[in-house]
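# Provided below for reference: sequence and predicted model.
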Amino acid sequence: MGVLVAFGAGLLFGVGLALGGMTDPRVVLGFLDVAGGWNPALAFVLGGALFVTAIGYRLVFRRRRPLLGGRFSLPRATEIDARLTGGAALFGIGWGLAGYCPGPALASLPAAHAGTLVFVLAMLVGLALAKARTGER
Amino acid sequence: MFSVLWLQALAGGVLIGAGAVLLMAGLGRIAGISGIIASLLPPGVNDAFWRLSFLLGLLAGPALVGLVLGRSAVGVPAVGLPGLAVAGLLVGLGSGIGSGCTSGHGVCGLARLSPRSIVATLTFLLAGGATVFVIRHVVGW
């Protein structure tokens, strides 16, 4: 059952990314290009996602446990340190270079563009390096 | 024309949010893509089943939209292979070190009003915007 729910959640997420234009790097770069012909579409994607998640989470957290049992697994870290900002800055530079972040890049793989595969493989190397250095995240 | 595109973008965002809420409601998990991928990489792979199913659904999403629209919902990469390799490495390293990406910090974290996620999201939006600015308007590629 958990596997089905996870698949459904991933499917909603993937459909949303594609519908929102996030699987097109040019749309993403157009959003980040505030000084050029700014394309605000992604502000609607992020805004819509944030609105639904903020309200949905509120309702969900009224329960003690997830519907399928277990417990809510939320990040416990609270420090705002150089790792957080440095990591986010590196991530942002990569995002601005290619117009891909992890979800859309992965969701674009079935379209079989060689460049997407190169990006995803390099991203896996980066994630593995970061994980090996910092341990369990 | 524009309003239709914006409505479609808004609908896309609503579905992304629905996916994030479903994963939290059902399994109690954050829909952070970089974290889900990183947990599947060695060392210490755990809870692989739900993570792989989520990623499978993620992969199927754009294909489904493509079928319904009758055209590919996936764009062509915007830069060459060396640029994509560098960008991929930075995105992987950065989201690994910074504990999250657009989905984990930008959607799930902001929705919880996590101060860390607010700082991370502002940082990567600024860094992404600055990078595009330098490439397009300073270097002029």
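Now that the structure is in, tell me what you want to look at. Residues are numbered from 1 along each chain as shown, chains lettered A, B, ... in the order given.
# make it CA atoms for all contacts and neighbour counts henceforth
Fine.
# Over to residue 105: give its phi and psi.
No chain specified, so I'll use chain A. In terms of degrees, to the nearest 10, the main-chain angles of residue A:105 are phi -60, psi -50.
# where does chain B have low pLDDT?
Residues of chain B that meet the criterion pLDDT under 70 lie in B:1-3, B:141.
# For it, just list every one of the helices.
B:2-27, B:33-39, B:48-69, B:81-97, B:110-111, B:115-133 (DSSP state H).
# Kindly report the same for chain A.
In chain A, the helices defined using DSSP H lie at A:2-20, A:25-32, A:41-60, A:82-98, A:102-107, A:114-134.
# Mind checking those for the one nearest to residue B:12?
helix A:2-20 (3.8 Å; CA to CA).
# what about that closest one, distance to the chain center?
In terms of CA atoms, centre = their mean, to the nearest Å, the centre of helix A:2-20 is set 12 Å apart from its chain centre.
# what does stretch B:54-72 give?
Taking the mean of its C-alpha atoms, stretch B:54-72 sits 15 Å from the chain's own mean (CA atoms, centre = their mean).
# do the same with stretch B:68-78
Centroid displacement of stretch B:68-78 relative to its chain, using CA atoms, centre = their mean, is 17 Å.
# just stretch B:18-31 next, same as before
15 Å.
# So if we follow the domain assignment, how does chain A break up?
A:1-74, A:80-137 (automatic domain parsing).
# Would you mind saying which of those lies nearest residue B:111?
domain A:1-74 (4.2 Å).
# Endpoints of the closest one, how far apart?
The first residue of domain A:1-74 is 21 Å away from its last residue (CA to CA, to the nearest Å).
# Ok, stretch B:74-83 next?
Start-to-end span of stretch B:74-83 (CA to CA) is 19 Å.
# Contacts for that stretch, please.
For stretch B:74-83, contacts defined as CA atoms under 8 Å, 6 or more residues apart in numbering or on different chains pick out A:18, A:23-26, A:97-99, A:108, A:111, A:113, A:115-116, A:118, B:62, B:66.
# and the residue lying farthest from the centre of chain A, how far is that from chain B?
Distance from the C-alpha centroid of chain A peaks at residue A:64, with 26.4 Å (CA atoms, centre = their mean). Residue A:64 is 10 Å from chain B, where distance means CA to the nearest CA, to the nearest Å.
# Ok, residue A:98 next?
Distance, residue A:98 to chain B, using CA to the nearest CA: 6 Å.
# mind listing what that residue touches?
By CA under 8 Å, 6+ apart, residue A:98 lies in contact with A:25, A:29, B:77, B:78, B:79, B:83, B:84, B:87.
# out of these, who has the most neighbours?
The most crowded member of the contacts of residue A:98, judged by other CA atoms under 10 Å in any protein chain shown, is residue B:87 (30 neighbours).
# Find me whatever residue is spatially closest to that one, sequence neighbours aside.
Once flanking residues are discounted, residue B:87 sits nearest to residue A:94: 4.1 Å by CA to CA, 6 or more residues apart in numbering or on different chains.
# quick one: the one you found and residue B:95 touch, right?
No: applying CA atoms under 8 Å as the test, residue A:94 and residue B:95 come out as separate, 10.0 Å apart.
# Looking at these two, which has the bigger crowd around it?
Set residue A:94 next to residue B:95 and count neighbours by other CA under 10 Å: residue B:95 wins out with 35 against 30.
# what's the burial count for the nearest residue to the more buried one once chain neighbours are set aside?
Once flanking residues are discounted, residue B:95 sits nearest to residue B:101: 5.3 Å by CA to CA, 6+ apart. Residue B:101 is flanked by 31 other residues according to other CA under 10 Å.
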